[in-house]
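Q: what follows is a protein structure lacking sequence information:
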């Protein structure tokens with residue numbers, strides 16, 4: 001019979017709360033120790049219990065709690081410094097962003113031209129460049145289409161060769177059956193007609 005799942009809320013009974021804290025604390029410390037061994041990690045857990053009259057502190061540390069806290073403080077300060085971008089990094093990001101925005105605007109402009117929205121305002125040189133660009137795109141499309149057609153033709157030819165080889169083997173088997181005389185006259189006639 002399965003245990004009923006507890007709802008996560010504060011346990012009203014003080015004695016039951018203390019018992020639960022003790023049991024779960026032991027389980028938590030055991031899991032922390034296993035994790036430390038499996039992953040070669042330094043783990044520190046601090047539990048402050050307010051349910052008993054004098055406040056109890058429980059801690060678990062793979063090395064020393066003080067060393068773990070000092071290491072955490074050192075790395076968290078370095079992490080905070082890494083999170084804040086320098087002015088140079090910010091300038092590089094801004095310049096990259098402006099370049100990307102220019103590229104998007106240029107591509108949008110080209111797309112509008114190709115959709116014939118702005119063909120009337122284009123000069124002859126711009127129209128010729130647009131025409132060349134479209135012809136180059138059309139050449140690429142035709143080339144891809146030809147490559148696909150050639151691949152399909154090759155696949156069909158391979159399949160045809162396989163079918164012809166299979167047909168040849170079947171004819172040979174029929175001829176062997178006829179030459180051995182292992183069939184009756186009707187089946188021999190049918191087999192001869194199949195071979196033709």
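A: Nice, I can see it. Quantities reported herein were computed from a predicted structural model and do not represent experimental measurements. Numbering: from 1, shown residues only.
Q: make it CA atoms for all contacts and neighbour counts henceforth
A: OK.
Q: pLDDT below threshold where in the chain?
A: Residues of the chain that meet the criterion pLDDT under 70 lie in 1-2, 51-58, 78-89, 112-119, 181-196.
Q: in it, which spans are strands?
A: 44-49, 56-61 (DSSP state E).
Q: just put those strands in TSV and tack on mean neighbour count.
A: Shown next, in TSV, are the strands of the chain (neighbours: other Cα atoms under 10 Å):
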stretch	mean neighbour count
strand 44-49	14
strand 56-61	14
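Q: reformat the ones you listed as TSV; add distance to residue 104.
A: As requested, those are arranged in TSV below (distance: least, Cα to Cα, whole Å):
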stretch	distance to residue 104
strand 44-49	50
strand 56-61	54
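Q: quick one: closest of those strands to residue 158.
A: strand 44-49 (67.0 Å; Cα to Cα).
Q: which elements pack onto the closest one?
A: strand 56-61 (3 or more Cα pairs under 8 Å, 6 or more residues apart in numbering; DSSP states H and E).
Q: still on that earlier bit, the strands of the chain: which one's closest to residue 149?
A: Going by Cα to Cα, the one of the strands of the chain nearest residue 149 is strand 44-49, 65.5 Å.
Q: in its sheet, what does the closest one sit against?
A: Next to strand 44-49 in the sheet, as set by DSSP bridges, lie strand 56-61 (antiparallel).
Q: next, count neighbours for residue 32.
A: 20 (other Cα atoms under 10 Å).
Q: show me what contacts it?
A: By Cα atoms under 8 Å, 6 or more residues apart in numbering, the contact set of residue 32 is residue 43.
Q: now residue 122, what are its backbone angles?
A: Per-residue torsions, residue 122: phi -80, psi 140 (degrees, to the nearest 10).
Q: how far away is it from residue 110?
A: Remark: distance between residue 122 and residue 110 (Cα to Cα, to the nearest Å) = 11 Å.
Q: and the strands of the chain: which comes nearest residue 90?
A: Here strand 44-49 is closest among those (Cα to Cα), at 36.6 Å.
Q: and the closest one, how far from the chain's centre?
A: Here the centre of strand 44-49 is set off from its chain's centre by 39 Å, with Cα atoms, centre = their mean, to the nearest Å.
Q: now do stretch 145-158
A: Counting by Cα atoms, centre = their mean, stretch 145-158 comes out at 32 Å from the chain centroid.
Q: pull the residues that contact that stretch.
A: By Cα under 8 Å, 6+ apart, stretch 145-158 touches no other residue.
Q: mind listing what's buried in that stretch?
A: Of the residues in stretch 145-158, none has enough neighbours to count as buried (16 or more other Cα atoms under 10 Å).
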